[in-house]
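S.K.: Need coordinates for the following:
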Amino acid sequence: MNNSLTKIKKKILEITSSFSIISDYSQINDDIDLYIAGGILRNYFIEPNLNIKDIDVFYKGESEKFIKKLKEEGEINKGPFGSLRWFPRNEDNIYYDIISINEFNNGVERCYSIEDVLKQFDFTINCFAYSLRTGEFFASNKAIDDIRNKVIRLVRFDYPDENITSLIKLKRTSVLWFRILHYASNLGFTIEEETMLWIKQNKNYYNDLSLFERFFFIPKLNEKILKEII
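M.R.: Numbering: from 1, shown residues only. This next block holds a predicted model:
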């Protein structure tokens, strides 16, 4: 696994030199822990040559100097969930979501560690994290198995039915609904039985399509699955 993670770092650096800013910072500052997590690791384990468009970076510890460093090297604004989004200078093809572990909240419970964060992720194949400081690797029990079996499975079903922010009138669960269908179609994965039942029970979220596209992206939706659901 360590060999794979070394290859991941090398792959990221081949695509975006800005990653070295974050990776190097984690090595010379022991007052902050930085982790890459989620889709960047998922994509590598599925297909190492997949393009990288965004990277999720979670942090815990002293962040003021870190954020200042990022501002010096690019532009920072906020993403739809309210976390910081860093656009490195001279790289138009990638951005980084910079997320505080202690402030990460999907409406379930407060997080104190990267393990807590993974327990609040959307689906199992995203439940990976890698410490840039220590080299430690984290994964949920089902993450690797579901990638091997090409399965999309919800991590949990108790996310609250509330808006993602006070300004964006789109439910967290609606975002989750579209993400499941998009990634199942995009990756060619099968939606796990209990997860599919949840999708069908919440088919009314399809009415939020235009709102989802406005704040996130245009989802790839399988017409055959949609007919079965809607």
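S.K.: correct me, but residue 120 touches residue 111?
M.R.: Yes - here residue 120 reaches residue 111: they are 6.6 Å apart, a contact under CB atoms under 8 Å. For every residue, glycine as well, the C-beta is placed using N, CA and C.
S.K.: okay, and the common contacts of those two?
M.R.: Shared contacts of residue 120 and residue 111, defined by CB atoms under 8 Å, 6 or more residues apart in numbering, comprise 104, 105.
S.K.: which one of those two has more residues nearby?
M.R.: residue 111 (22 against 18; other CB atoms under 10 Å).
S.K.: Distance-wise, check the more buried one relative to residue 199.
M.R.: Here residue 111 is placed at a distance of 26 Å from residue 199 (CB to CB, to the nearest Å).
S.K.: doesn't residue 42 make contact with residue 52?
M.R.: No - Residue 52 is not in contact with residue 42 according to CB under 8 Å; the separation is 11.5 Å.
S.K.: And the longest strand anywhere in the chain, what's buried?
M.R.: Longest strand in the chain by number of residues, with DSSP state E as the criterion: strand 54-61. For strand 54-61, burial by neighbour count (16 or more other CB atoms under 10 Å) applies to 55, 56, 57, 58, 59, 60.
S.K.: out of these, which one sits closest to residue 205?
M.R.: residue 56 (23.4 Å; CB to CB).
S.K.: Roughly how far does that closest one sit from residue 99?
M.R.: From residue 56 to residue 99 the distance is 6 Å (CB to CB).
S.K.: Who are the contact partners of residue 51?
M.R.: residue 15 are the contacts of residue 51 under CB under 8 Å, 6+ apart.
S.K.: ok but it is inside a helix, no?
M.R.: No - counting by DSSP: H, G, I helix; E, B strand; the rest coil, residue 51 is not part of a helix but coil.
S.K.: tell me the pLDDT at it?
M.R.: Residue 51 is assigned a pLDDT of 76 by the prediction.
S.K.: hmm, back to that, who does the longest strand of the chain pair with, and is each partner parallel or antiparallel?
M.R.: Sheet pairing of strand 54-61 (DSSP bridges) gives strand 32-37 (antiparallel), strand 95-100 (parallel).
S.K.: can you tell me which residue is nearest the centre of this protein?
M.R.: Nearest to the centroid of the C-alpha atoms of the chain, with distances taken as CA atoms, centre = their mean, sits residue 38, at 4.2 Å.
S.K.: so that one makes contact with residue 121?
M.R.: Yes - if you go by CB under 8 Å, residue 38 and residue 121 touch, sitting 6.9 Å apart.
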